[in-house]
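[1] Let me see the structure of the following:
(one chain, ligands or ions: 1)
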Amino acid sequence: MSVELPDSPAPTRLELDRTAGVTLEWADGTILTFGLEEMRMNCPCAECRGLREQNEPVWPRPRSPQPLEAITAELVGGWGLTITWNDGHATGIFPWGLFRAWRQ
Ligand SMILES: [Zn+2]
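    So this is what the prediction gives:
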């Protein structure tokens, strides 16, 4: 994954399905859907980045509850999204540009 993120405005619509994933829609008509596992495994926080660098699984961990669920999703200052997962993880902030980069 590149660290060069495209600039992206906030989506005009955000839909969280706690057991499936997130759908984002932008003013330019782009609609992108992301599965929970895809997002959890690509969590951009320092802890998860460190795990990936060591080729350790980000998810599931030995005590991860399955299936994965999103407890809440919150906007972070208009530039991204943070999700509280059912395994207690909540430190990752997904910038809007990251979602666009994943589907470029
Ligand atoms: Zn993380």
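[2] so who does Cys43 touch?
    Contacts of Cys43 were listed using C-beta atoms under 8 Å, 6 or more residues apart in numbering, and they are Val58, Trp59, His89, Thr91, Gly92, Phe94. No exception for glycine: its C-beta is placed from N, CA and C like everyone else's.
[3] hmm, 6 Å instead?
    By C-beta atoms under 6 Å, 6 or more residues apart in numbering, the residues touching Cys43 are Gly92.
[4] Distance-wise, check it relative to the ion.
    Cys43 sits 3 Å away from the ion, going by C-beta to the ion, to the nearest Å.
[5] so who does Gly35 touch?
    By C-beta under 6 Å, 6+ apart, Gly35 lies in contact with Gly21.
[6] Please name the bridge partners of it.
    In this entry, Gly35 is beta-bridged to Gly21, by DSSP bridges.
[7] Tell me which stretches of the protein form strands.
    For the chain, the strands defined by DSSP state E cover 13-17, 21-25, 31-35, 70-76, 80-85, 93-95.
[8] Met41: which of these is closest?
    Closest to Met41 of the strands of the chain is strand 31-35 (C-beta to C-beta; 9.5 Å).
[9] Quick check: buried residues in the closest one?
    Phe34 (16 or more other C-beta atoms under 10 Å).
[10] Average pLDDT for that strand, rounded please.
    Averaged over strand 31-35, pLDDT sits at 98.
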